[in-house]
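Novice: the sequence and its predicted three-dimensional model are supplied below.
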Amino acid sequence: MHVALQIDTPNLEPLEPILDALEGLPIRAWIASSAFISLGPSVVHHLRLAGFDAFLDLRLCGEADTVGRAVEAVRRQGALGVTVDLASGVAAARAAQAATRGRLQVIGVTGPMDAPHAV
């Protein structure tokens, strides 16, 4: 069982004491899109070095090839998973799944940004 820690901050400095206290525990860090944009891809590496699973809550959307390429990029960063907005359609969802190559979890979400539902 994992504990989820939502990261939605423009820098990790205020979170360092919390991250230090949680080190060694089964923590899944959910990185919100605003934090990922502010902190950059290195946040995944930083959290993985601290022993946390990193999951990107990006709600990827768009054409199938765009979503597929984005999922490939997430996979290369070493994240555990990523969210994909199912409003992009079945082809985009299939492209996302194919791009994982079995090494990344994809969670499809629907509905408003403030109330995602895993499907």
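Specialist: On my side now, so go ahead. This one's a predicted model, so the numbers in the text were calculated from it and none came from an experiment.

Novice: and the nearest residue to residue 46 once chain neighbours are set aside, how far is that from residue 66?
Specialist: Distances taken as C-beta to C-beta, 6 or more residues apart in numbering put residue 12 closest to residue 46, at 6.9 Å, once the chain neighbours are dropped. Quick note: C-beta positions are derived from backbone N, CA and C, even for glycine. To residue 66, residue 12 is 29 Å away according to C-beta to C-beta, to the nearest Å.

Novice: of the two, which one has the most company?
Specialist: Neighbour totals were compared for residue 12 and residue 66, and residue 12 leads with 17 against 14 (other C-beta atoms under 10 Å).

Novice: before we move on, back to that, the residue nearest to residue 46 touches residue 45, doesn't it?
Specialist: No: proximity of residue 12 to residue 45 does not meet the contact threshold set by C-beta atoms under 8 Å, at 11.9 Å.

Novice: got the phi and psi for the residue nearest to residue 46?
Specialist: Residue 12 adopts backbone torsions of phi -90, psi -10, taken as degrees, to the nearest 10.

Novice: contacts only, for it.
Specialist: With contact set as C-beta atoms under 8 Å, 6 or more residues apart in numbering, residue 12 has these partners: 19, 39, 43, 46.

Novice: ok, 10 Å please
Specialist: 18, 19, 35, 38, 39, 43, 46, 47, 50 (C-beta atoms under 10 Å, 6 or more residues apart in numbering).

Novice: check residue 63 too.
Specialist: The neighbourhood of residue 63, defined by C-beta under 10 Å, 6+ apart, consists of 69, 88, 89, 91, 92, 95.

Novice: may I ask which of these has the most neighbours?
Specialist: Neighbour max across the contacts of residue 63 (other C-beta under 10 Å) = residue 92, 25 neighbours.

Novice: A helix includes it, no?
Specialist: Yes: secondary structure of residue 92, determined by DSSP: H, G, I helix; E, B strand; the rest coil: located in a helix.

Novice: from residue 72, how far out is it?
Specialist: On the measure of C-beta to C-beta, residue 92 and residue 72 end up 13 Å apart.

Novice: coming back round to it: inside helices: which ones of the contacts of residue 12?
Specialist: 18, 19, 35, 38, 39, 43, 46, 47 (DSSP state H).
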